[in-house]
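Enquirer: Model the following, please.
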Amino acid sequence: MLTSRAPLTLPRADRTGTRVSYRDALVAPLAGYRPLLLDLVVPATGGSHPVVVYLYGGAPAAGSHKHSRLGDRVTDRLVAAGFAVARAQYRHGREAPFPAQVHDVKAAVRWVRHHAAELELDAGRVAAWGHSAGGYLAAMLAVTADDPAFEGDLGITGPSSRLGAAIAWSAPTDFTRIPPPPPDSVLHSSGHDPHDWFPGPTASPLLHASATAAPLLLAHGTDDAGIPIAHSEALVAAYWRAGADADLIRLDGAGHFYGERKLEQVTDAGIAFLRNHLRGASPTG
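Expert: Coordinates of the predicted model:
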């Protein structure tokens with residue numbers, strides 16, 4: 001159903017070459033805050049396309065769904081491979097406390113499902129992909145499907161927020177085990193420390209892994225000083241203990257961001273993972 005705060009109209013379609021873009025789709029207006037928006041890109045090939053909700057990183061202290069070079073790159077690769085991409089916005093740590101960020105991205109998933117038929121999207125094949133804070137949110141989407149404690153009531157309610165698969169790069173999974181920002185971090189010069197607005201230990205996806213969690217592919221650099229690889233290793237172990245499907249790509253010598261060759265490697269692996277796990281998925285209301 002539509003709540004009183006749900007949007008009723010879609011943005012104009014912008015057709016350019018091999019893609020159709022919908023910019024600034026209103027997911028949910030928020031009184032006293034900027035509205036929650038997303039940008040959607042759909043391959044201009046007709047038919048019903050699987051959808052990836054892409055979530056940008058940024059501590060969560062900064063960043064935008066509109067200004068992410070990594071997001072641009074992943075989007076281009078996904079669209080070329082036949083996937084639609086919804087690049088979603090979420091509130092940052094000082095705008096709203098946890099679990100607002102999870103509520104925001106779940107609202108984006110529900111928006112995608114609600115509008116699937118009119119936008120040539122397949123409501124039964126929805127995944128999430130993110131890096132750093134975005135990877136954390138992708139993992140939370142994977143492990144908290146239809147959990148009332150995390151669902152929220154923003155925007156469109158009714159459709160499921162369940163995913164068919166998720167990909168998380170360099171994701172934090174335990175907020176009690178994050179080291180201070182590295183010496184070259186811009187957070188030092190700005191006077192901010194993301195530890196000040198991190199959620200508590202109950203925000204960890206480790207606590208919510210179950211046999212029904214969406215299949216998850218993680219990638220992590222072995223030399224990541226900001227979010228040690230132990231975070232991804234712990235989430236894979238939690239998945240396996242629960243009897244769920246997860247795997248980890250260890251990027252030897254990589255830090256929090258990846259070089260060209262490793263970025264190609266994990267992007268290729270991610271697309272193959274999505275093709276495998278979204279094949280034949282049944283529609284979800």
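Enquirer: Not counting residues beside it along the chain, what's closest to Lys66?
Expert: Excluding the flanking residues, the one nearest Lys66 by C-beta to C-beta, 6 or more residues apart in numbering is Asp39, at 6.6 Å. Using the backbone N, CA and C atoms, a C-beta is placed for each residue, glycine as well.
Enquirer: Now the strand or helix carrying that neighbour - C-alpha only, PDB.
Expert: According to DSSP states H and E, Asp39 maps onto strand 36-43. C-alpha atoms of strand 36-43 as PDB (Å, rounded to 0.1, in the frame of the first residue of the first chain):
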ATOM      1  CA  LEU A  36      15.100  10.300  -0.200                       C
ATOM      2  CA  LEU A  37      15.800  10.000  -3.900                       C
ATOM      3  CA  LEU A  38      17.200   7.400  -6.300                       C
ATOM      4  CA  ASP A  39      18.400   7.400  -9.900                       C
ATOM      5  CA  LEU A  40      17.400   4.500 -12.100                       C
ATOM      6  CA  VAL A  41      19.100   3.300 -15.200                       C
ATOM      7  CA  VAL A  42      17.500   0.600 -17.400                       C
ATOM      8  CA  PRO A  43      18.900  -1.100 -20.500                       C
END
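Enquirer: Where does pLDDT dip in the stretch 151-285 of the chain?
Expert: Judged by pLDDT under 70, the stretch 151-285 of the chain has its weakly predicted residues at 181-182, 185-199, 280-285.
Enquirer: Would you map the helices across it?
Expert: 186-190, 230-242, 260-278 (DSSP state H, counting those that start in this stretch).
Enquirer: Wait, Asp223 touches Tyr258, no?
Expert: No - the pair Asp223 / Tyr258 is not scored as a contact, 10.9 Å apart, by C-beta atoms under 8 Å.
Enquirer: okay, these two: which has more neighbours?
Expert: Taking neighbours as other C-beta atoms under 10 Å, Asp223 and Tyr258 compare with Tyr258 leading, 22 against 13.
Enquirer: How about stretch 105-125, which residues are buried there?
Expert: By 16 or more other C-beta atoms under 10 Å, the buried positions in stretch 105-125 come out as 105-116, 119-125.
Enquirer: picking that back up, and the strand holding Asp39, how far from the chain's centre?
Expert: Relative to the centre of its chain, strand 36-43 is centred 13 Å away, using C-alpha atoms, centre = their mean, to the nearest Å.
Enquirer: now swap in stretch 226-243 and tell me
Expert: So, by C-alpha atoms, centre = their mean, the centroid of stretch 226-243 is 17 Å from its chain's centroid.
Enquirer: can you check stretch 34-46 too?
Expert: The chain centroid and the centroid of stretch 34-46 are separated by 14 Å under C-alpha atoms, centre = their mean.
Enquirer: can you list contacts of it?
Expert: Residues outside stretch 34-46 that contact it (C-beta atoms under 8 Å, 6 or more residues apart in numbering): 15, 17-30, 49, 65-66, 75, 79, 82-91, 104, 107-108, 111-112, 119-121, 154-155.
Enquirer: so of the residues you listed, which ones are in helices?
Expert: Residues from the contacts of stretch 34-46 lying in helices, with DSSP state H as the criterion: Thr75, Val79, Asp104, Ala107, Ala108, Trp111, Val112.
Enquirer: Do I have it right that the last one meets Leu121?
Expert: This points to Val112. Yes - under the criterion of C-beta under 8 Å, Val112 makes contact with Leu121 at 6.3 Å.
Enquirer: Now the common contact residues for the two.
Expert: Val51.
Enquirer: can you pull out the strands in the stretch 101-250 of the chain?
Expert: 121-131, 165-169, 216-221, 246-251 (DSSP state E, counting those that start in this stretch).
Enquirer: What are the contacting residues of the shortest one?
Expert: Same thing as strand 165-169. So strand 165-169 is contacted by 127-132, 135-136, 138-139, 141-142, 214-220, 232, 235, 258, 266, 270, 273-274, 277-278 (C-beta under 8 Å, 6+ apart).
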